[in-house]
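**Student:** The following block contains a protein sequence and its predicted model.
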Amino acid sequence: MNQKIAVVIPCYRVTGHVLEVIANIGMEVSAIFAVDDCCPDGSGDLIAKNCTDARVVVLRHPQNQGVGGAVMTGYRAAIEAGADVIVKVDGDGQMDPGLIPVFIAPIVAGEADYTKGNRFFDLEEIRAMPKARIFGNAVLSFMTKLSSGYWHLFDPTNGYTAIHANVARHLPFEKISRGYFFETDMLFRLGTLRAVVVDVPMDARYGDEVSNLNIAKVAGVFFFKHVRNFFKRIFYNYYLRDMSLASIELPMGVLLFVSGGIFGLYHWTNSIREGITTPAGTVMLAALPVLLGTQMILAFLGYDIANVPSRPLHKMLRT
């Protein structure tokens, strides 16, 4: 392999596992960037004092920037070091470093720009998961499909990822979400670049690590950001950068559906209030635009699903 591989490890309260994670990273990796995100447990100091691996570089944040900020710092350092492919692995022990060759393989082969883990590929693994986790991931996956345009992906919050450095250079580092929405926002940003993203099947690993994510607190924020990213993606991909029949189908479909629905609702409530039967012609005037609008929206979705990027971007970009 003539590609230079770098690993980025965001470190925040991972002192119980991070040294083992680093020790298990194979020799296919030439550089490891451990980013101490102002960790209250002193992850950076722990690595600096106890790790003798010459590949490891400890980067420190004077203030906590969240997992997104830590990864962006690692990306910048890896790019400056001349890395060709950058892998992001969490330091909590949930991700098997032995899978790094599997994650980088599609990128090295020129088949993808970005790879991410999918813990929901194996049906036997899914059966062993809590039902609430499965339902929550299904909802998040559907919302991510809408906001990112990657309809073929699942498990959007999976943080085991790899990216080609040429693509990483074109990411708006300062705009990417810094918190737990980071992985999902990355997909949205990659979608606006038309990068090729593929899922990599992996098993879930759970131990004694403690998650800092509170679903109840972030659910509303996630929903708002998904809606925002959906409208931005539609504007970027269907009006700003390109125009197609789908660019007409979506607004016309929404207009017909909403106008027909309002017209029908008005006459329905009016007939109930006055106790009279709504004429068949009026019913058809309401039903026809709703049906046509539905068909046009479905046609747009069909085009959008078929429009998933398939041509690797990093082959067309120069360093």
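**Tutor:** That came through fine. None of these values were measured; they are calculated from a predicted model.

**Student:** what about the spatially most central residue of the chain, which helix or strand?
**Tutor:** When Cα atoms, centre = their mean is applied to the chain, the residue found nearest the centroid is Thr184 (2.8 Å). Counting by DSSP states H and E, the element that carries Thr184 is helix 182-193.

**Student:** got the CA coordinates for that helix in PDB?
**Tutor:** Extracted in PDB, the C-alpha atoms of helix 182-193 (Å, rounded to 0.1, in the frame of the first residue of the first chain):
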ATOM      1  CA  PHE A 182     -21.200  16.100  13.800                       C
ATOM      2  CA  GLU A 183     -21.500  12.700  12.000                       C
ATOM      3  CA  THR A 184     -24.800  13.600  10.400                       C
ATOM      4  CA  ASP A 185     -23.700  17.100   9.400                       C
ATOM      5  CA  MET A 186     -20.600  15.500   7.800                       C
ATOM      6  CA  LEU A 187     -23.000  13.600   5.500                       C
ATOM      7  CA  PHE A 188     -24.800  16.700   4.600                       C
ATOM      8  CA  ARG A 189     -21.600  18.500   3.700                       C
ATOM      9  CA  LEU A 190     -20.300  15.600   1.700                       C
ATOM     10  CA  GLY A 191     -23.600  15.500  -0.100                       C
ATOM     11  CA  THR A 192     -23.200  19.100  -1.200                       C
ATOM     12  CA  LEU A 193     -19.800  18.200  -2.600                       C
END
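
**Student:** Report the rounded mean pLDDT for that helix.
**Tutor:** Average pLDDT, helix 182-193: 94.

**Student:** And that helix, what does it pack against?
**Tutor:** helix 66-80, strand 114-118, helix 131-148, helix 215-235 (3 or more Cβ pairs under 8 Å, 6 or more residues apart in numbering; DSSP states H and E). For glycine as for every other residue, the C-beta is placed from the backbone atoms N, C-alpha and C.

**Student:** how about 10 Å then?
**Tutor:** Using 3 or more Cβ pairs under 10 Å, 6 or more residues apart in numbering; DSSP states H and E, the elements in contact with helix 182-193 are helix 66-80, strand 85-88, strand 114-118, helix 131-148, strand 161-164, helix 165-168, strand 197-201, helix 215-235.

**Student:** And the pLDDT for Tyr206?
**Tutor:** For Tyr206, the predicted pLDDT is 59.

**Student:** on that earlier part again, is it possible to export the helices and strands packed on helix 182-193 to TSV including mean neighbour count and distance to Met95?
**Tutor:** Converted to TSV, the helices and strands packed on helix 182-193 look like this (neighbours: other Cβ atoms under 10 Å; distance: least, Cβ to Cβ, whole Å):
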stretch	mean neighbour count	distance to Met95
helix 66-80	22	13
strand 85-88	28	9
strand 114-118	25	7
helix 131-148	17	17
strand 161-164	26	10
helix 165-168	22	19
strand 197-201	19	11
helix 215-235	15	20
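
**Student:** So which of the ones you listed is nearest Asp155?
**Tutor:** Between Asp155 and the helices and strands packed on helix 182-193, the shortest gap by Cβ to Cβ is with strand 114-118, which sits at 4.6 Å.
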